[in-house]
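**Q** everything below, folded, please.
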Amino acid sequence: MAALLNWGVKESHRGTPVVVKMENPNWSMVELEGPSEEDFVITNPSSVGARDKRRGKNAKQLTWVLLLKAQRAAGCLTSIAPALFALVSAVKRRVASGRTDADADNDGVGREKENPTVKSRFYSCIKVFLFLSVLLLCFEVAAYFKGWHFGAPNLQLGYLYWAPAFGVKDFFEWVYHQWVLIRVEYLAPPLQFLASACIVLFIIQSLDRLVLCLGCFWIRFKKIKPVLKEGALDLETGEKGFFPMVLVQIPMCNEKEVYQQSIAAVCNLDWPKSKFLIQVLDDSDDPITVSLIKEEVQKWQQEGANILYRHRVIRDGYKAGNLKSAMNCSYVKDYEFVAIFDADFQPTPDFLKKTVPHFQDNDELGLVQARWSFVNKDENLLTRLQNINLSFHFEVEQQVNSVFINFFGFNGTAGVWRIKALEEAGGWLERTTVEDMDIAVRAHLHGWKFIFLNDVECQCELPESYEAYRKQQHRWHSGPMQLFRLCLPDIIKAKISVWKKFNMIFLFFLLRKLILPFYSFTLFCIILPMTMFVPEAELPAWVVCYIPATMSFLNILPAPKAFPFIVPYLLFENTMSVTKFNAMISGLFQLGSAYEWVVTKKSGRSSEGDLVSLIEKPKYQRGSSEPDLEEMKEEIRRQQDEKANKKNKKKKKHNRIYMKELALAFLLLTASARSLLSAQGIHFYFLLFQGISFLLVGLDLIGEQVD
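**A** Now for the predicted structure:
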């Protein structure tokens with residue numbers, strides 16, 4: 001395995017002995033003397049002796065290099081077997097656990113169950129498609145060994161109508177001929193048209209990505225960024241600064257892993273205490289979590305923080321309903337701005353000083369959005385791939401749209417709103433699961449402008465398990481389609497420029513929210529496998545090769561350190577297109593899962609270290625004693641154990657088996673086997689590795705592993 005991990009590491013050998021040891025005991029062990037410095041120095045190249053000596057040295061060097069390469073290759077080969085055995089063992093354990101994604105309906109509290117008929121419809125289509133593909137593969141294998149190779153230019157339709165003699169062998173030949181005729185006349189034309197349409201969509205999508213990347217490059221080249229007005233704020237003394245009344249909201253629901261770090265970070269914001277109020281908006285239905293959050297708020301109140309606790313018994317409208325309820329409080333009229341932080345976000349003490357002053361003397365500004373940074377981006381492969389996606393979103397999409405259009409989708413947290421803008425836009429509405437995008441669209445239609453601050457970061461967590469990430473992506477891709485249906489008439493009637501309407505309808509909604517998951521899933525999961533069984537519909541090699549390579553390269557530009565993960569990123573994004581496509585269809589046609597809201601699971605991995613730093617140097621020192629971290633942790637453990645023993649419902653968690661991804665894995669692997677018959681190299685490799693990617697994701701072997 002070391003040989004695999006050290007692949008690509010530059011090595012240097014200068015006159016030192018090199019031991020080449022083969023793993024196979026039947027091989028011999030050879031010790032060579034590596035090339036020394038004199039091997040590369042020839043005093044008189046014209047002399048015959050020097051030339052002979054040089055040839056001898058070159059031969060010696062070549063032998064040494066070849067044996068060294070052979071040793072490295074042997075090391076790689078010997079590490080493959082243990083890796084495969086480990087993978088097979090993990091697969092066996094996963095299958096033995098017997099947990100599938102269908103069991104998700106029985107997990108979680110307060111989750112609305114999805115209609116089983118609606119949920120299984122998409123999976124049923126994939127199963128039927130897989131069954132037909134296996135059947136066709138059997139036909140193709142039999143035809144291959146019989147020497148029947150029909151290509152579109154060589155088909156003789158008269159021969160296809162040939163009537164067979166009586167006999168099983170002749171009947172099979174006739175059936176295969178009829179199948180070839182059907183695919184030539186009826187299947188190939190629509191499939192070719194769909195493939196061409198997806199290629200056109202890809203070209204449009206690529207142009208959009210290219211323009212965004214060029215815009216990002218221009219911003220970096222010109223060093224364009226929002227600048228505070230001179231004299232707006234004195235960060236040293238705080239005198240003659242812009243200190244309006246700010247309301248800070250922390251919406252949460254059963255966030256027992258991260259509530260301490262978020263409350264502590266917000267209570268330590270560097271802002272005049274009389275000028276801001278903190279609202280902890282708790283939707284938790286777990287009594288233990290409710291009591292823990294209450295105690296945390298009371299502790300900070302004793303420390304001198306201006307903080308309030310609000311709890312809703314009924315979680316109507318999810319996060320949007322929570323925020324709407326908080327904004328209806330009578331004291332909100334005394335505040336001019338509202339900052340929102342989700343439960344896992346940890347703003348720096350100077351967050352408000354870096355964001356709020358942008359509103360000064362800028363009455364058209366409605367939102368200031370900060371960038372997210374991730375405390376666990378290097379935790380596992382899944383978090384690394386998420387970091388690539390979100391880096392492109394913030395660095396490119398949000399920043400370019402902010403600079404050139406003054407509009408982008410609100411990210412739901414780490415942002416500061418002008419309360420007047422929220423009120424003019426109609427306030428928070430519970431009609432979709434993307435209330436942040438909803439309020440941003442409505443505010444933009446009322447003429448408000450937005451600013452994105454790429455250099456102001458707010459730390460948060462990435463989902464570390466595929467289950468949590470999958471649920472998050474379903475909500476993020478079904479919500480925009482719900483919103484598009486609801487907002488389309490308002491966008492058309494709005495009194496804004498034609499360019500802004502075009503940007504919002506085509507670029508913001510259709511191209512980036514609908515077309516991208518549509519052509520990704522259709523092209524790589526449907527059309528490509530079908531062209532293996534219907535070879536008369538051709539998908540050029542450059543489409544299979546350059547489409548994913550171009551998109552992956554453009555996406556990875558903002559995170560160049562992640563370049564070694566470009567291939568896993570490409571395969572994983574194509575795998576996630578199934579979830580995104582399903583979510584997009586659910587939101588567009590208002591299916592049962594469109595209104596599903598599951599709180600993304602957090603680990604609280606960074607909470608302990610951050611909490612220690614905040615407790616060691618608290619901003620407010622009016623309390624009689626400092627909180628004891630160990631006692632707090634012990635109390636949390638004790639209450640959690642009491643809850644588990646009392647309810648006796650604590651079950652052992654397992655990684656799930658995702659049936660849609662598994663079905664598509666077998667479909668792609670079946671298509672890769674068919675591609676071998678036609679000797680399509682690039683198609684075979686792509687289908688093979690994409691099928692393996694679906695298999696790993698379907699068995700939940702990516703991300704956090706649960707015993």
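
**Q** contacts and neighbour counts: CA atoms only from here.
**A** OK.

**Q** look up phi and psi at residue 465.
**A** phi -120, psi 150 (degrees, to the nearest 10).

**Q** and it, what is it in contact with?
**A** Counting by Cα atoms under 8 Å, 6 or more residues apart in numbering, residue 465 makes contact with 382, 702, 703, 704, 705.

**Q** repeat for residue 669
**A** 687, 688, 691, 692 are the contacts of residue 669 under Cα under 8 Å, 6+ apart.

**Q** now that we have the contacts of residue 465, which one has the most neighbours?
**A** residue 382 (22 neighbours; other Cα atoms under 10 Å).

**Q** and residue 582, how close does it get to residue 522?
**A** According to Cα to Cα, to the nearest Å, residue 582 stands 12 Å off from residue 522.

**Q** over to residue 264?
**A** For residue 264 relative to residue 522 (Cα to Cα), the value is 46 Å.

**Q** the contacts of residue 669, buried ones only, as a ChimeraX selection?
**A** A single ChimeraX command suffices to select whichever of those are buried according to 16 or more other Cα atoms under 10 Å:
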select :687,688,691,692
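
**Q** you'd agree residue 395 is up against residue 452?
**A** No. At 9.9 Å, residue 395 and residue 452 do not qualify as touching, with contact defined as Cα atoms under 8 Å.

**Q** and the two? Which one has more around it.
**A** Neighbours were tallied for residue 395 and for residue 452 using other Cα under 10 Å; the higher tally belongs to residue 452 (27 against 21).

**Q** neighbour-wise, which of residue 582 and residue 522 wins?
**A** Using other Cα under 10 Å, the more surrounded residue of residue 582 and residue 522 is residue 582, with 21 against 17.

**Q** which of the helices or strands spans the more buried one?
**A** helix 566-588 (DSSP states H and E).

**Q** so which elements touch that helix?
**A** The helices and strands touching helix 566-588, judged by 3 or more Cα pairs under 8 Å, 6 or more residues apart in numbering; DSSP states H and E, are helix 466-493, helix 516-521, helix 541-556, helix 659-677, helix 681-698.

**Q** which residues outside the third one are in contact with it?
**A** In this structure, residues lying in contact with helix 541-556 by Cα under 8 Å, 6+ apart are 199, 202, 206, 209-210, 213, 388-389, 392, 562-563, 566, 569-570, 682-683, 686.

**Q** now do 6 Å
**A** Outside helix 541-556, the residues that touch it by Cα atoms under 6 Å, 6 or more residues apart in numbering are 388, 392, 570.

**Q** send the alpha carbons of the helix holding residue 582 over as PDB?
**A** Only the C-alpha atoms of helix 566-588 are listed here, as PDB (Å, rounded to 0.1, in the frame of the first residue of the first chain):
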ATOM      1  CA  ILE A 566     -10.500  15.600  -9.800                       C
ATOM      2  CA  VAL A 567     -11.300  12.100 -11.000                       C
ATOM      3  CA  PRO A 568     -13.200  11.100  -7.800                       C
ATOM      4  CA  TYR A 569     -15.000  14.400  -8.000                       C
ATOM      5  CA  LEU A 570     -16.100  13.800 -11.600                       C
ATOM      6  CA  LEU A 571     -17.400  10.300 -10.800                       C
ATOM      7  CA  PHE A 572     -19.100  11.400  -7.500                       C
ATOM      8  CA  GLU A 573     -20.800  14.300  -9.200                       C
ATOM      9  CA  ASN A 574     -22.300  12.000 -11.800                       C
ATOM     10  CA  THR A 575     -23.400   9.700  -9.100                       C
ATOM     11  CA  MET A 576     -25.100  12.500  -7.200                       C
ATOM     12  CA  SER A 577     -27.000  13.500 -10.400                       C
ATOM     13  CA  VAL A 578     -29.400  10.700  -9.500                       C
ATOM     14  CA  THR A 579     -30.400  12.300  -6.200                       C
ATOM     15  CA  LYS A 580     -30.400  15.800  -7.700                       C
ATOM     16  CA  PHE A 581     -32.500  14.700 -10.700                       C
ATOM     17  CA  ASN A 582     -35.000  13.000  -8.500                       C
ATOM     18  CA  ALA A 583     -35.200  16.000  -6.200                       C
ATOM     19  CA  MET A 584     -35.600  18.300  -9.200                       C
ATOM     20  CA  ILE A 585     -38.500  16.300 -10.600                       C
ATOM     21  CA  SER A 586     -40.100  16.100  -7.100                       C
ATOM     22  CA  GLY A 587     -40.000  19.900  -6.800                       C
ATOM     23  CA  LEU A 588     -41.100  20.700 -10.300                       C
END
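
**Q** pull out the buried positions in it.
**A** Of all the residues in helix 566-588, those buried under the rule 16+ other Cα under 10 Å are 566, 568-588.

**Q** check what contacts that helix and list those residues.
**A** For helix 566-588, contacts defined as Cα under 6 Å, 6+ apart pick out 385, 474, 477-478, 481-482, 517-518, 521, 552, 594, 690, 694.

**Q** can we see that at 8 Å?
**A** 122, 385, 470, 473-475, 477-482, 485, 513-514, 517-518, 520-521, 524, 548-549, 552-553, 556, 591-595, 660-661, 689-690, 693-694, 697.

**Q** stretch 451-458 too?
**A** Stretch 451-458 is contacted by residues 225-226, 345-348, 351, 354, 365, 367-373, 394-395, 398-399, 402-403, 406-407, 414 when judged by Cα under 8 Å, 6+ apart.

**Q** so how do I select the buried members of these in ChimeraX?
**A** Selection of buried members from those for ChimeraX, criterion 16+ other Cα under 10 Å:
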select :225,345,346,347,348,351,354,365,367,368,369,370,371,372,373,394,395,398,399,402,403,406,407,414
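
**Q** what angle do the helix or strand hosting residue 221 and helix 541-556 make?
**A** Under the criterion of DSSP H and E, residue 221 resides in helix 188-222. Inter-element angle recorded for helix 188-222 and helix 541-556: 30 degrees (by axes from the mean of the first three to the mean of the last three Cα atoms, to 10 degrees).

**Q** what's the first helix or strand after helix 188-222?
**A** The first helix or strand that comes after helix 188-222 along the chain, using DSSP H and E, is strand 246-252.

**Q** sheet partners, orientation included, of that following strand?
**A** Applying DSSP bridges to the sheet, strand 246-252 is found paired with strand 276-282 (parallel), strand 337-340 (parallel).

**Q** skip the chain neighbours and tell me the closest residue to residue 682.
**A** Excluding the flanking residues, the one nearest residue 682 by Cα to Cα, 6 or more residues apart in numbering is residue 541, at 6.6 Å.

**Q** ugh, typo on my part, it should be residue 311
**A** The spatially closest residue to residue 311, leaving aside those adjacent along the chain, is residue 282, at 4.7 Å (Cα to Cα, 6+ apart).

**Q** report how many residues lie close to the one you found.
**A** 25.

**Q** show me what it is bridged to.
**A** Under the criterion used (DSSP bridges), residue 282 bridges to residue 252, residue 311.

**Q** ok, it to residue 256 distance?
**A** Applying Cα to Cα to residue 282 and residue 256 gives a distance of 11 Å.

**Q** and for residue 587?
**A** 30 Å.

**Q** can you turn the buried part of the contacts of helix 566-588 into a ChimeraX selection?
**A** Buried members of the contacts of helix 566-588, defined by 16+ other Cα under 10 Å, are picked up in ChimeraX with:
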select :385,470,473,474,475,477,478,479,480,481,482,513,514,517,518,520,521,524,548,552,556,591,592,593,594,595,660,661,689,690,693,694,697
